[in-house]
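Participant: Model the structure of this input:
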Amino acid sequence: TYLLPEAQLDRFLLQIGVPFLSNLPSKIQVEVEPLLSARVDGSPLLIKGRTLPFADGLKSEVEVKLDAVDVPHWLVAAHPFLPKDMQPQARSGRLDTALTIGFEQRKPPAVPHLTIKGSAKLSQLALSMAYAPALGPVDLSWDVLQIEGVDAAPLERLVSVGKVSLDGVQWRSQLLPTAA
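Facilitator: Numbering: from 1, shown residues only. As a prediction, this is how the structure comes out:
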């Protein structure tokens with residue numbers, strides 16, 4: 001498994017909403033609303049959904065709300081997916097998201113419709129890399145990176161962003177000599 005073995009789920013704060021679910025013809029248009037609310041390693045996680053699982057199109061929407069997720073902890077979990085020489089080490093950082101992910105299966109020849117909307121904030125980030133191509137060792141930090149007004153349809157290759165702001169950036173690197 002790639003998840004950290006020491007990850008903690010605060011069991012007393014786990015809430016799972018088990019939705020009404022039926023494929024009876026009279027209930028096909030009843031919206032199902034699954035819910036998962038928990039604290040994982042001290043950070044609140046909220047995933048709420050709405051779906052019509054038996055209706056044509058399988059139209060679904062999921063809200064993903066992360067609050068103050070500990071970036072260093074989870075970046076270690078991502079290391080197996082990164083090349084060994086491109087694994088940053090985070091000293092600090094917190095991630096907050098308010099995203100809505102929508103999906104609709106369309107009848108062929110139309111392609112499925114996937115949307116991602118919302119915002120994300122990465123604050124108090126401090127990370128380093130022992131080696132970055134052409135840059136050598138790198139230390140990077142910032143106070144707040146805020147991305148607002150995300151409206152993406154990845155399967156259609158469409159993305160728009162309302163606003164990106166970055167405050168308090170500090171960058172240190174040692175440029176490597178170039179070959180003559």
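Participant: Each with direction, which strands does the biggest strand by length in the chain pair with?
Facilitator: When the chain is parsed with DSSP state E, its longest strand is strand 113-132. When pairs are called by DSSP bridges, strand 113-132 turns out to pair with strand 89-104 (antiparallel), strand 136-153 (antiparallel).
Participant: would you list these in a markdown table and tack on distance to Lys163 and mean neighbour count?
Facilitator: Just so you know, the C-beta spots here come from the backbone N, C-alpha and C atoms, and that holds for glycine as well. Compiled in a markdown table, those are given as follows (distance: least, C-beta to C-beta, whole Å; neighbours: other C-beta atoms under 10 Å):
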| stretch | distance to Lys163 | mean neighbour count |
| --- | --- | --- |
| strand 89-104 | 14 | 16 |
| strand 136-153 | 5 | 16 |
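Participant: Pipe the ones you listed into TSV and attach mean pLDDT and distance to Val64 per row.
Facilitator: Output for these, formatted as TSV (pLDDT from 0 to 100; distance: least, C-beta to C-beta, whole Å):
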stretch	mean pLDDT	distance to Val64
strand 89-104	94	5
strand 136-153	95	12
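Participant: Just the buried residues of the longest strand of the chain, please?
Facilitator: When neighbours are counted by 16 or more other C-beta atoms under 10 Å, the buried residues of strand 113-132 are found to be 115, 117-119, 121-123, 125-129, 132.
Participant: now for the residues you listed, which pair is the farthest apart?
Facilitator: Spatial extent of the buried residues of strand 113-132 (C-beta to C-beta) is set by the pair Thr115 and Ser128 at 35.3 Å.
Participant: follow-up on the earlier one: Val64: which of the buried residues of strand 113-132 is nearest?
Facilitator: Closest approach to Val64 among the buried residues of strand 113-132 (C-beta to C-beta): Gly118, at 8.2 Å.
Participant: hey, what's the closest one bridged with?
Facilitator: Beta bridges link Gly118 to Leu99, Val150, judged by DSSP bridges.
Participant: my guess is it contacts Leu66, does it?
Facilitator: No: counting by C-beta atoms under 8 Å, Gly118 does not reach Leu66; the two are 10.9 Å apart.
Participant: joint contacts of those two?
Facilitator: Common contact partners of Gly118 and Leu66 (C-beta atoms under 8 Å, 6 or more residues apart in numbering): Thr97.
Participant: Could I get the contacting residues of the residue sitting nearest the centre point of the chain?
Facilitator: Nearest residue to the geometric centre of the chain (C-alpha atoms, centre = their mean): Thr97, 7.1 Å. Counting by C-beta under 8 Å, 6+ apart, Thr97 makes contact with Val64, Lys65, Leu66, Gly118, Ser119, Ala120, Lys121.
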